[in-house]
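S.K.: Coordinates for the following, if possible.
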Amino acid sequence: MLLAGFFFALMNVSVKMIPHIPAIEIILFRSIFSFFFTYSVLTKRAIPILGTNKKLLIARGVVGSIGLMAFFYTLQAIPLASAVTINYLAPIFTSILGIFIVKEKVAVRQFIYFGISFLGVLVIQGFDPRVSMMDLSIGLIASIAMGLAYNIIRKLKNSEHPLVIMIYFPMITIPIASILTYWVWVPPVGWDWMYLLLVGIFTQTAQYFMTIAYQNAEVAKISSLSYVGIIYALGFGFLIFGETYDLVVYIGMALVLLGVIFNIRK
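M.R.: Numbering: from 1, shown residues only. Prediction:
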């Protein structure tokens, strides 16, 4: 899980290294890489690609695309650690949306934990001038979309192979991203190609290690390790991009993580 977090962090850095390439264009290249990688595994294992519950699979692809577009935008627009921290609200939205989608119960104390995390986000936005209200709103859209995607995956867990769920994301994203990229296309030059390739490689590598972790250890113990990602983000942000924060912003980040970890432990 620590390796998965490390490679996800490297993916985030790769996205941030090419701020002149529109986020939607990066997503297009990432989706093409993901499609061919997942397709090759599915065909090798003779698994039907289209699955059975096509409506939910398409819905998962759509909301996943929206979430990734919004997240990549925040990675490019605001400091790395702030973007990653706001994205950590996804588990909270997963729990809230789960009340309506998968009919899961949420204890009263969990809403207190939700409040702690939202307070942390407000602290970050209020005390870091580099995070505008628009950037925060787009970051929240990313987290809500991811929370919705996670709930759809939970509804599909007994009917679809994980790789089928995975391939619907690029299958939906590639047409959408292709159309949107047409209007904002920036030709990659030089090192841009390397970073675009690294986004795809780091993503697949991270997902591979994460899958192994969840298959071989207790979810409750493993999931909390994913929040080491904020340490990676702070370190890479400082070493590569020279990003620093006021003490109160660090407190905001700590509040977000505290609320999320309390909620997961509950």
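S.K.: So what's the residue count around residue 216?
M.R.: Residue 216 has 8 neighbours, counted by other C-beta atoms under 10 Å. All C-beta atoms are positioned from the backbone trio N, CA, C, and that covers glycine.
S.K.: And it, how far from residue 1?
M.R.: 10 Å (C-beta to C-beta, to the nearest Å).
S.K.: What of residue 177?
M.R.: Applying C-beta to C-beta, the value for residue 177 to residue 1 is 29 Å.
S.K.: quick one, which of those two is more surrounded?
M.R.: Counted by other C-beta under 10 Å, residue 177 and residue 1 do not tie: residue 177 has more neighbours, with 25 against 18.
S.K.: surely the more buried one meets residue 28?
M.R.: Yes: assessed by C-beta atoms under 8 Å, residue 177 is found in contact with residue 28 at 3.9 Å.
S.K.: In space, what's closest to residue 43 - neighbours in sequence excluded?
M.R.: Among residues not flanking residue 43 along the chain, residue 49 sits closest, at 7.8 Å (C-beta to C-beta, 6 or more residues apart in numbering).
S.K.: Likewise for residue 141?
M.R.: Spatial nearest neighbour of residue 141, excluding adjacent residues (C-beta to C-beta, 6+ apart): residue 70 at 4.6 Å.
S.K.: Could you pull out the buried residues of the strand or helix carrying residue 140?
M.R.: Assigned by DSSP states H and E, residue 140 belongs to helix 133-156. Residues of helix 133-156 classed as buried under the neighbour-count rule (16 or more other C-beta atoms under 10 Å) are 135-136, 138-153, 156.
S.K.: ok, now stretch 167-180?
M.R.: For stretch 167-180, burial by neighbour count (16+ other C-beta under 10 Å) applies to 167, 168, 169, 170, 171, 172, 173, 174, 176, 177, 180.
S.K.: Quick check: the fifth one touching residue 60?
M.R.: Looking back up the chat, that one is residue 171. No: with contacts counted by C-beta under 8 Å, residue 171 stays clear of residue 60, the gap being 10.6 Å.
S.K.: CA atoms only for stretch 59-68 - export them in PDB, please.
M.R.: What follows is stretch 59-68, C-alpha atoms only, in PDB (Å, rounded to 0.1, in the frame of the first residue of the first chain):
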ATOM      1  CA  ALA A  59     -22.700   5.500 -15.200                       C
ATOM      2  CA  ARG A  60     -19.500   4.500 -13.400                       C
ATOM      3  CA  GLY A  61     -17.500   5.500 -16.400                       C
ATOM      4  CA  VAL A  62     -19.300   8.900 -16.700                       C
ATOM      5  CA  VAL A  63     -18.900   9.900 -13.100                       C
ATOM      6  CA  GLY A  64     -15.400   8.500 -13.000                       C
ATOM      7  CA  SER A  65     -14.500  10.700 -16.000                       C
ATOM      8  CA  ILE A  66     -16.000  13.800 -14.300                       C
ATOM      9  CA  GLY A  67     -14.100  13.100 -11.100                       C
ATOM     10  CA  LEU A  68     -10.700  12.600 -12.800                       C
END
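S.K.: Contacts for that stretch next, please.
M.R.: Residues from elsewhere that reach stretch 59-68 (C-beta atoms under 8 Å, 6 or more residues apart in numbering): 27, 90, 141-146, 148-149, 152-153, 156, 165, 168-169, 171-173, 176-177.
S.K.: if I look at the closest residue to residue 71 other than its chain neighbours, how far off is residue 17?
M.R.: Closest residue to residue 71 apart from its sequence neighbours, by C-beta to C-beta, 6+ apart: residue 142 at 4.1 Å. Look at residue 142 and residue 17: by C-beta to C-beta, they are 20 Å apart.
S.K.: Show me how far the stretch of helix or strand residue 26 belongs to is from its chain's centre.
M.R.: Assigned by DSSP H and E, residue 26 belongs to helix 23-44. Its chain's C-alpha centre and that of helix 23-44 lie 16 Å apart, by C-alpha atoms, centre = their mean, to the nearest Å.
S.K.: Many thanks, have a good one.
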